[in-house]
Structure formats: C-alpha cells, structure tokens
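Asker: show me the folded form of this:
(2 chains)
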Amino acid sequence: MSESTTYTGFWQESPRPGILGWLLSTDHKRIGIMYLCCITTMFIVGACLGLALRLELIAPGVTVMTPQTYNATFTVHGIIMIFMFLIPSIPAAFGNLLLPIQIGARDVSFPKLNLISWYCYVIGAILAMFAIFGGGGAPDTGWTFYVPFSTQTSTNVSLVAFAAFMLGFSSILTGINFVTTVHRLRCKGLTWGRLPLFVWTLYATAWVQVLATPMIGITLVLIILERTFGAGLFDAARGGDPILFQHLFWIYSHPAVYIMILPGMGVISEVIPTFARKPLFGYWAMALSSLAIAFAGSLVWGHHMYASGMSDFAILIFSFLTFIVAIPSAIKVFNWVSTLYKGSIELAPPMLFALAFIFNFAIGGLGGLALGAAASDIHLHDTTFVVGHFHYVMFGGGGFALFAALHYWLPKFTGRMYRHKPAVISWALLFVGFNITYMAMQAVGIMGMPRRYYDYLPQFHTLNLISTIGSWILAVGLIIMFVNLWQGARKGRPVGKNPWGAATLEWTIPSPPPIENFGAEDPVVTKGPYEFKGVVADEY
Amino acid sequence: MNPLTNPTAQGVDAVLIYIFGVSLLLLLGITVATIYFVIKYRRSKYPEPTSEAHGSLWLEAVWTLLPTLIVLTMFWYGWTHYLGLRDVPAGAFEVKANGRMWSWQFQYENGRTSNKLYVPTGKPIKVKLTSSDVIHSFFMPGFRIKRDAVPGMESYVWFQAPETGSYDIFCAEYCGTGHADMITTAEVLSAEDFERWYEKSAAATGVARGRELLEEHGCLGCHSFDGSNSIAPTFGKLKGLEREISHEGLEQKIIVDAEYLRRAIRAPGADLVEDFPPIMPAYGDEISETDLDEIINYLLEGESKPLIDGNKLIEENGCLGCHSTDGSKLIGPSFKGLGGRSSEVKRDGQELKLKVGADYLRRAIRNPGHEIVADYPAIMPAYDHLSDEEIEAIVEELLKK
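Answerer: Purely as a prediction, here's the structure:
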C-alpha cells in the first residue's frame, strides 16, 4: 500500500520493519488490509473474465472464444468470484478490520490463527492459479463440479477442488476466531443488545462458516477420490448416486450464499442509520433475523434440485422452507426503509451504495420467490434467469455492500477521504450498468435461454446484446470507482476521527487506528450503537 | 410472446404471473417509499431527525405476518401447479429420450428412432428420460417443462401440444464442450401426418441406412459432412485419408479404412486424432454389428444414390433452361465437360483465366455476378436459397458432366 509519510497508526507501528511486518503480522487490521488487497485483485480478475463472457454472448455463434474456452472461462469466473472474492470479501477483509474495534477489543481471540487463515487463503488461491494456467487445461465443470461430468473431464478438476478445500479451511478458521471473539472479548458495557448490527451478522455468518464449510471440504475430497481411484460413490453403474453429490454440494453451497450476503446486510445496517442520523428501526428484529436467515438458510439446499429427479415430497419440504427464509429477508428490507422515515438524510457515497443495495437486493430476493415455487422453478431453473438472479443478490447485493463498506470505512483506515464527485458518478454508472446487464439476462432467461451457452438461437439476440452493452457501463463505473478510491487513499484530504458522525466504537479512535486500537484504557460502552445525540461529524 | 395454449405452460405461467405480479407491487412500494423518504427528509431540510423511534411492535408484527401469508400462498400455488407437471393424463403416448454428449435420441414404441421428437397434436406425450454419459436436462421452454436426464436413473416429463409446429428442445444442464449445441426440436404433426411418419419404415424414407444411423446416434452433433472441423473431425472425404493419430501416446500416420473406423467408434480413446480433445464416448452395444457395418460403409463409400439428388435439383431449379448438357450454346455456357474446363471470366472488371472446379462452381451458383464468363450476359440470378448440401449435390453432378 501507500508509503505516504502522513500514514500513521497501524501502518507505521509494527514489531518488524518492511514487508515482513505485514507477512508475519498478527494485527487484525494488517491482516484485514492484506485480505482486502487479495480480494480486490481477485475481483478485478473475475470481473475481466465476466466481461469476456458477456463479449462472447454479444452475438450468436462463436464470436471471440471457442466453446471450450467459454466453458473454462465461466468456470474460472465462478470459482474466483465465489471462493476467492465473495466468501472472504466482507467477512474476512472488513470483518478483520472492524470486528475487534467495534466490540472494543484490541485484537481477535486467536491472532496467530488469524494469520494462518490468511495463509490458507493465499495457498488456496495460488493452487487455483496453477489449476487454471497449468497443463491439462483450466477446469470446465462450472463452479458446481457436478458429477459425473467432473469425474470424466480431463481438465485440472482435482487440483482446483483441492484449492477450494484450502480456501474452505481459511473460512473455517476465520469463523472460529470470530465466534470466540464476539463471545469473549466484548468490552465493558457492550451487551448483546448494544452490538452493532455488522457484528451480529458477522457472528451469524461465522457459525455458518464453521458448521457448513466442512461439508464442501468432504465433498471435494470425494471428487478427488472418485477421479483418482474411481471410488464409484457417485456412479450409478456401480451402485452410487450422482444426485447424492448434488445434495452434498448444496448443503454447503447454499448456506455459502448467506456467508456472502449476511455481512453485506450488516454493512447496510451500519450505513443507513449513520446517514439518516436515526437509530436502526427494529434493532432486535434485525439482529434475530440475521440468526434466522443463517439457521433457516442451512435447510433449503434442495431448492437447487427441483429438476434433478429428487422425490416430489422432498420438493414440497424444500420449497416450503425456502419461502420461510424469505420472511426474515423481507423484515430487513422493511426495517431499513423505515429507518429513513423522519430521519435527516445525507446522500453521501456510502449511503448511495446502501440505497442501491436495497433496490438490487429486493429484485434479487423477489426473483428468488419465483425460483422457490416448485412450478415456476421448473421453467426458470438452469436458465439465464438464475444467473441474473444470483448476480442481483451476490453482486447487486454483496458487491454493492462491499462498495458501500469501502466508501464508508476506507477513510477510517487510510485516514484520508476520496473525492465525492467521482464517487457519485461511479455509483450512478454502476447502478445503471448493473441493472441493464442483469435485468436483460433475467428477461432472456424467462424467454427460455439456458445458462452456460456460448451460442444461442436468434430469438435471444437483442436481450443478450443489451446485457453486453450494460456490462461495459458497469466496467467504466468500476474503473472510476477503484481509481478514485486509490487516489483518495494516497492523496485525499486527511480526515479526523469521525467524518460521518457515526456512533459505533471505531469512530471514537484516530484515523488510521493505532496498533492496539484503544489507548491505555479500554473503552466502556454506555449506549446503543445508533444513538446519534451529541455525536458530531468532523469536518474534512 | 403469444399466449400459450398448452396445459403445462398455462399452469406454470399462472404461477409466474402471480409471483412476478406481487413482486412487482412490493418492489414498487419499497422503491417509491425509499425515494419519497430520501427527498422529504433530506438533511438540508431536516438538520436533525424528527423521530427517535427505535421500532414499533405492531408495525413489525404486520410486516412479519403479511409477508408470511403472501409467501405461503406462493408456495402452495407453486406446489399444486407443480403436481400438474408430474401427473401424466391417462393414455399418454410414450417416447423414450436418451441424452448423450451432445444430442438427443428418441425411441418410439414401435422401435423407430429419431433425433428430433415427432409427436402428434392433441395427445398427451410422456417423454421418459435417461442419459448414457453425464447429466443432461430436457428443456422445452414453449411448454415450461424441464427435467434432468441422469445416467442410471429414469425420470419423465409430459406435455400436450394443441397446435402443430416446431418447438425448441434445449439441454439445460451443463454437459461439456457441445452443451450449447445440444439443441433439437419437437415436431408436432397433425394426427394423420404423424401416423404417416410413424408407420413409415426407414427404407421408404429414401435415406441411406448408414446416414440415418449416424443421425440417430447423434454423430452429426459433433462431426460434419461439409469438411468443417468444429468439435470433432469431419466425415467429409474419409476414404483413403491419411491422418495423424496418437496411439497410446505415440504419434503415427494411418490411412482411414474400415478397421480404423471400427476402432474409432467402439473405442475412441485408443487412437486420438491430432488437435481434437478426447471427448467422444465409446459406442458399444447400442450399435449392433450390422448397423456398424452400415455406418462404416456409408462413411467410406457414401451412398450409391446421393442423399440429395443433384440432377433432380438441377432440373427443379430450372438450370437447364439456360444451360445445355450436350455442349450446345444456349443463354448460358453448357454444362458439358465442365469439370476441368478452363474458362475466361471477368471479375471486378478484370479479365482472367481460371480452371473450373468445385470452388468456382459454388461461387457461380451462390453469387453469379462475381465472375462473368466471357461472351455471356450477366443475367443469372443468385441461387442463395439453396442449402449447402444442395449446392454440394449440384456441384458434384455438374463436375461429372
């Protein structure tokens, strides 16, 4: 990162000088920054692959890549975006940066474990790069690794499965650390009823990480066994069952969706009260709905499999449970909007991203209803509607929440403010580009275009063309946003402790925070996280 | 989109319209409320909030219960209409569909097979699905039906088409390189037309048995006849072709013959053709020895009678009105002795001499204005309505004359 001389706090204080001071650091903020660098890099790589996919789909037939290249590209796009970007993005990067500070602690419970978890991530990411660029060819199974295809293809599936296994370990270790930290290290006066919502969502997420991730680990090892030794577990000809794989895969991978979105909801629950200067509406409903989503979300994996040949009774149960998950999500949306009522609303960049999140997430969530209902899912399943739907949740939701977090908290950790005008321009481009890209994708899916098609029939052309043009607007927005944030971090105007006038603990310490966050005395909390009376924003 | 009149689509669409309709209302409500609050309570007008409400029990109870009721109706509506997709009406006509990389094969009760799904109108059709390699998914968007075809498992979909027509069938479960090309159609015929098709034996179709087998077994999903190499090597001009293969890792040159083709079908992994991925599934019992002989014979010898009769096309398209076959000069040059004749033509105003070959003839039919034979007027219309196969058949005949 920047070597600017005015950088103080944890950027300078370190027991070791130079790069080792980072690579061997157990400081949660340094580890958070290292995660942030990694996930940003992965996001940019994944986004470029996504743009390449959209370019291929600009017209029917082969346009810029062969079918095999297209299949490898969407597989790698998915693996990078899910295992290396979305899952660690907000929990690992912003969770590490903020969780200890928000609960008034000097670090997480197990700082060394925290560093190990970062190394697991890096090893996993490097292995994945070998799998992608090494001999044998990039994996072409889709990120879902469905058998029997994944046991037959000659590409580097085993290696990438092992890479995902390592990444899973990173996620489990972070989860254990966060659960323990929230239980053990809350400062004096910080009762469960005064926890910031971001902490609540990280806590709920951490439980999912600890409980669900081992499932994917085992499943991926089974794939490797199947490929290496021909174990026959998923081979119908030898008494195995290909559908069993799908169950095992989704038992993790559906809860993983909540690992990706819950912390994002936490970010939004921080940003909206701050810029409305009003307590979050329905604090306990928000906190408990996070736990409810994490719990109920672990029981709905079968809704990915309505067309798989699973029994009709299983479909009945899974469809019912899926609709139950919709309820806490709806409560969250209503409570965010009510927080705005009779507030004092400032449309600063983090707030704009948060409002865009609500809109995108509402579309993603409502689209999910059509996928949760058994009859309509039969038509929409495995079409580009599903692709559009999960991009609305993962990118329009999780991604926009990350952008909100970047605009909200980066000034805290760099001590510098980015320029607001380019930030608003980038927000507008991202919002418009995003909705064009993925709304067109959903529409063409309703028309019946299957997903993972490099080529399509002429009736799908117009909407695909629109979607591709939307992706260019999105790309321009991303470039402006990243350049602006980077310049802001390096040369922006210095900010004080509390540029936004927020009421949680991180805004009571200097920007950037010092190495153990709080001075000689531990903080004592006497009020809720969203009591803005008497809190004054610093000029910047 | 036309309102669909078939029963499965009507059921699914009712659910879709209900869920999308309610969703749209909710989205509209949320968005309008957000925008209204953001404008009304802007900081420039309200420097401090005018409420310190931490929540409201009854409001929150309302928007917990209301969504619960709404989503439960969606769940129930979706479930009951899903049952409609599973309950096949009595007396359905059954067809077996087998998915394989990357084509469908349909098998009818009388033993007839096809690569398109032929069904009669007005009758419920039950399609029994399975797969011989990886998971595929049988998807007919026009009927809103979809079901995975899983190896070692049998499942089904049903539909009923009130009107004749051609409806797309896609593979919706990703299955490898040719996934996007695993497209075919359901040809819905009137009851009489279907009966005629159904009863017609293979011999009567005029299609060589070898060719028909290649279509049935989905070979043409990857292999072409026109010389283009997309996913797999072309079937064009196979006989005597010298080909580089790798056999157990060793590269060697072989001449394509019956022995080689037999191996390539029964055990495609044994000899891999250079530059192509090793993706072809092995064909065992599903192709009998007699059928295999038919296929090999067809691949090597073509057919005694061409699939498309070039001479017939020449007659049907009126070529002989201007071109003679006996060497006499009519409005256009005679067809006699075309193969190997050298001809003076004008291209872009420049005169040049060229030898008549297949390439030249293809151009001359598709785009006759491009090269005008000396001393003849440029009056021939472009025959671009002919398919590639038809042009090939014509060119082949012309070169023989």
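Asker: output the below-cut-off pLDDT ranges for chain A.
Answerer: Residues of chain A meeting the criterion pLDDT under 70: A:1-7.
Asker: closest to the centroid, which residue in it?
Answerer: Taking Cα atoms, centre = their mean, the centroid of chain A lies closest to residue A:86, which sits 3.2 Å from it.
Asker: residue A:357: how many residues sit nearby?
Answerer: Counted with other Cβ atoms under 10 Å in any protein chain shown, the neighbours of residue A:357 add up to 26. Backbone N, C-alpha and C define where each C-beta goes, glycine included.
Asker: ignore the last one, residue B:9
Answerer: By the measure other Cβ under 10 Å, the count of residues near residue B:9 is 20.
Asker: which residues touch it?
Answerer: Applying Cβ atoms under 8 Å, 6 or more residues apart in numbering or on different chains, we find residue B:9 in contact with B:142, B:143, B:144.
Asker: now do residue B:75
Answerer: Residues counted as contacts of residue B:75 (Cβ under 8 Å, 6+ apart) are A:319, A:320, A:322, A:323, A:372, A:373.
Asker: considering only the contacts of residue B:9, which also neighbour chain A?
Answerer: Near chain A, judged by Cβ under 8 Å from any Cβ of the partner chain, the entries from these are B:142, B:144.
Asker: with pLDDT, neighbour count and secondary structure added, can I get the contacts of residue B:9 in JSON lines?
Answerer: Rendered in JSON lines, the data for the contacts of residue B:9 read as follows (pLDDT from 0 to 100; neighbours: other Cβ atoms under 10 Å in any protein chain shown; DSSP: H, G, I helix; E, B strand; the rest coil):
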{"residue": "B:142", "pLDDT": "94", "neighbour count": "22", "secondary structure": "helix"}
{"residue": "B:143", "pLDDT": "95", "neighbour count": "25", "secondary structure": "helix"}
{"residue": "B:144", "pLDDT": "95", "neighbour count": "26", "secondary structure": "coil"}
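Asker: of the contacts of residue B:9, which is the nearest to chain A?
Answerer: The shortest gap between chain A and any of the contacts of residue B:9 belongs to residue B:144, at 4.1 Å (Cβ to the nearest Cβ).
Asker: pretty sure the closest one is touching residue A:381, no?
Answerer: No - the pair formed by residue B:144 and residue A:381 falls short of the contact definition of Cβ atoms under 8 Å, at 10.8 Å.
Asker: so, low pLDDT: which residues of chain B?
Answerer: Where chain B drops to pLDDT under 70, the residues are B:1-3, B:201-207, B:303-307, B:316-318, B:321, B:330-331, B:377, B:379, B:381, B:384-385.
Asker: domains in it, as residue ranges please.
Answerer: Domains of chain B are assigned by automatic domain parsing as B:7-86, B:93-200, B:208-301, B:310-400.
Asker: pick the most buried one from those.
Answerer: Mean neighbours per residue, mean count of other Cβ atoms under 10 Å in any protein chain shown, is largest over the domains of chain B for domain B:93-200, with a mean of 20.
Asker: endpoints of that one, how far apart?
Answerer: Distances were taken as Cα to Cα, to the nearest Å; on that basis the terminal residues of domain B:93-200 are 18 Å apart.
Asker: figure out how far it is from the centre of its chain.
Answerer: Its chain's average C-alpha position is 12 Å from that of domain B:93-200, according to Cα atoms, centre = their mean, to the nearest Å.
Asker: also stretch A:38-45?
Answerer: When C-alpha coordinates are averaged (Cα atoms, centre = their mean), stretch A:38-45 and its chain have centres 12 Å apart.
Asker: pretty sure residue B:400 is in contact with residue B:340, am I right?
Answerer: No - under the criterion of Cβ under 8 Å, residue B:400 makes no contact with residue B:340, lying 11.2 Å away.
Asker: got a list of contacts for the host helix or strand of residue A:130?
Answerer: Secondary-structure element containing residue A:130, defined by DSSP states H and E: helix A:111-133. Helix A:111-133 is contacted from outside by A:24-28, A:31, A:34-35, A:38, A:42, A:76, A:79-80, A:83-84, A:88, A:92, A:96, A:107-108, A:138-139, A:156, A:159-160, A:162-171, A:173-174, A:176-177, using Cβ under 8 Å, 6+ apart.
Asker: what comes up buried for that helix?
Answerer: Judged by neighbour count (16 or more other Cβ atoms under 10 Å in any protein chain shown), helix A:111-133 contains these buried residues: A:111, A:114-118, A:120-122, A:124-125, A:127-129, A:131-132.
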